[in-house]
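Asks: Quick one, structure for this:
(2 chains)
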Amino acid sequence: MSREVHALAPEEFLEEVHSFEFWLHSVEGYLADTEFGHRPGAVDTELSPDRRERLITALCNYCIGETAALEGASGLIGFAPNRQTKIFLATQVVDEARHLEVLMHRLSELGVADPEREIQRRATRTLQVFRRRLLELVASKDWEAALFAQNVILEAMEFAAFQAHARNADPITREVLEGVIKDERRHMGFGENELGRRLAATPHVRARLAQVKRELDPLVLETFEEMLAELGIPRAERPELGRNYLATVERLGFTP
Amino acid sequence: MNDTVLREVESEAGRPRQRFILEDTGFDEVPKKYRRFYRRLAGPDDSLALNEVICPVCKVVIRSTRELREGDRVYCMPCMSRLVVVRSDAGHLEARVVY
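Replies: Model prediction:
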């Protein structure tokens, strides 16, 4: 039996949770028996043509978000501040690649013959603008701003949007999204905690990040709100999307 | 979730602190050796035991082998957060992130 987790020293804890070993044994728990993100042999339910269309549009936009996260996370490794952080980001890159793959596979299962072309055709303008801006921040090697855009803004929105969608999705899409959400917990938490530590040590960074926030969060919020409305997610569940994100930035000391 | 109370120890200001044996709750997002320290929130009617708090970052229930009190430090492994237990304005215990 393991010792009390909460008795670990802070450095021991961070070393443990940022390790490839921790990642490997974590994902093993929920992905070991799946194929493309869901149980093999799970039977698809028949969707009405309208519902299928809406689902395809949502999944196409999720693919844009996941591609941005994949490109962003892999770029961040090059200028991450230490080896522990680089190792964690490597696990995130693998997660994002898996998300993109299972979402594209889900599009195929729904009868989309050419997912790549369909993604380009259905992508919303706001999410494409976000992706472009995120990659500019990564290219400029601005660690705090790029991490904020990717692991706080994008991941917190995705976390809430996927949860709301999963609650209202067909069984296979739900299983796929639930696996993604479990990964997003790590990415979102890493972003908030890493930035929280950076802001505590270098408070002057806050003004720059506030500017990034003002520029980027409406793009992502608008995209995911549109998606959830498109999917017919009850209005009562949609404010959760903004609430989760606002709570995160508030903890980091940003006012809405 | 109610875990088995093992014994009461660590008298603190005259009030003993309960100890718990943690059972596996089926939480599968961390390596096996850590799973008993976490569980999913079972919905709005779910109530927390004396050894549990909710992670404000990812909403997983964090569990300890001992009754939690103000000032205790706990970790949320699923989202990698360090937390401290505080008493809320409403009077109940909650976790706050420590960066």
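
Asks: end-to-end on stretch B:65-85?
Replies: For stretch B:65-85, the first-to-last residue distance is 15 Å (CA to CA, to the nearest Å).

Asks: so does it get close to chain A?
Replies: Yes. For a cut-off given as CB under 8 Å from any CB of the partner chain, stretch B:65-85 has contacts with chain A, namely B:65-66, B:72-82. (C-beta placed from N, C-alpha, C; glycine too.)

Asks: which parts of that stretch are buried?
Replies: B:65-68, B:72, B:74-83, B:85 (16 or more other CB atoms under 10 Å in any protein chain shown).

Asks: for the residues of stretch B:65-85 next to chain A, which one is nearest chain A?
Replies: Nearest to chain A among these, counting by CB to the nearest CB, is B:Cys79 at 2.7 Å.

Asks: Burial check on the residue nearest to that closest one when sequence neighbours are not counted, number of neighbours?
Replies: Nearest residue to B:Cys79, sequence neighbours excluded (CB to CB, 6 or more residues apart in numbering or on different chains): A:Gly189, at 2.7 Å. A:Gly189 has 26 neighbours, counted by other CB atoms under 10 Å in any protein chain shown.

Asks: circling back to that earlier point, biggest separation within the buried residues of stretch B:65-85, which pair?
Replies: B:Glu67 and B:Met80 (24.7 Å; CB to CB).

Asks: Tell me who's in contact with the residue nearest to B:Cys79.
Replies: Shown in contact with A:Gly189 (CB atoms under 8 Å, 6 or more residues apart in numbering or on different chains): B:57-58, B:76, B:78-81.

Asks: Name all residues that make contact with residue 27.
Replies: No chain was given, so I picked chain A. Residues near A:Val27 by CB under 8 Å, 6+ apart: A:95, A:183.

Asks: my bad, the chain I had in mind was chain B
Replies: Neighbouring residues of B:Phe27 by CB under 8 Å, 6+ apart: B:35, B:38-40, B:60.

Asks: distance of A:Cys63 from A:Val112?
Replies: Distance of A:Cys63 to A:Val112, given as CB to CB, to the nearest Å: 11 Å.

Asks: Test my guess that A:Val249 contacts A:Lys213.
Replies: Yes. A:Val249 is within contact range of A:Lys213, at 6.6 Å (criterion: CB atoms under 8 Å).

Asks: how about the residues of chain A near chain B?
Replies: Counting by CB under 8 Å from any CB, the residues of chain A that sit close to chain B are A:2, A:4-6, A:8, A:10, A:13-14, A:16-18, A:22, A:25-26, A:28-30, A:159, A:182, A:185-186, A:188-190, A:192-193, A:196-197, A:199-200, A:247-248, A:251.

Asks: if you set the cut-off to 6 Å instead, what comes out?
Replies: Remark: the part of chain A in contact with chain B comprises A:2, A:4-6, A:13, A:17, A:25-26, A:29-30, A:182, A:185, A:189-190, A:193, A:196-197, A:200, A:251, using CB under 6 Å from any CB of the partner chain.

Asks: mind checking how far the nearest residue to B:Val98 once chain neighbours are set aside is from A:Ala161?
Replies: Excluding the flanking residues, the one nearest B:Val98 by CB to CB, 6+ apart is B:Arg82, at 4.8 Å. As judged by CB to CB, B:Arg82 and A:Ala161 stand 27 Å apart.

Asks: and what of A:Asp183?
Replies: Counting by CB to CB - A:Asp183 and A:Ala161 are separated by 14 Å.

Asks: So if I had to pick from the two, which one is more boxed in?
Replies: Neighbour tally, A:Asp183 and A:Ala161, criterion other CB under 10 Å: the higher count belongs to A:Ala161, 31 against 24.

Asks: and that one, that one's in a strand?
Replies: No. Under DSSP: H, G, I helix; E, B strand; the rest coil, A:Ala161 sits outside any strand and is assigned helix.

Asks: Am I right that it is in contact with A:Phe224?
Replies: Yes. Counting by CB atoms under 6 Å, A:Ala161 touches A:Phe224, with 4.1 Å between them.

Asks: Spit out the residues that contact these two alike.
Replies: A:Leu241 (CB atoms under 6 Å, 6 or more residues apart in numbering or on different chains).

Asks: which regions of chain B sit below the pLDDT cut-off?
Replies: B:1-2, B:4-14 (pLDDT under 70).

Asks: at 90 instead, please
Replies: B:1-16, B:43-45, B:91 (pLDDT under 90).

Asks: And the stretch 51-200 of chain A, by the same measure?
Replies: In the stretch 51-200 of chain A, residues with pLDDT under 90: A:156-161, A:163-164.

Asks: burial measure for the closest residue to A:Ala229 other than its chain neighbours, as a count.
Replies: Nearest residue to A:Ala229, sequence neighbours excluded (CB to CB, 6+ apart): A:Arg238, at 7.1 Å. Counted by other CB under 10 Å, the residues lying close to A:Arg238 total 17.

Asks: isn't A:Arg238 right up against A:Met227?
Replies: No. Using CB under 6 Å, A:Arg238 is not in contact with A:Met227, being 10.2 Å away.

Asks: Residue numbers of chain B in contact with chain A?
Replies: B:28-31, B:33-34, B:37, B:57-58, B:64-65, B:74-75, B:77-81, B:97, B:99.

Asks: That concludes my questions; thank you for your assistance.
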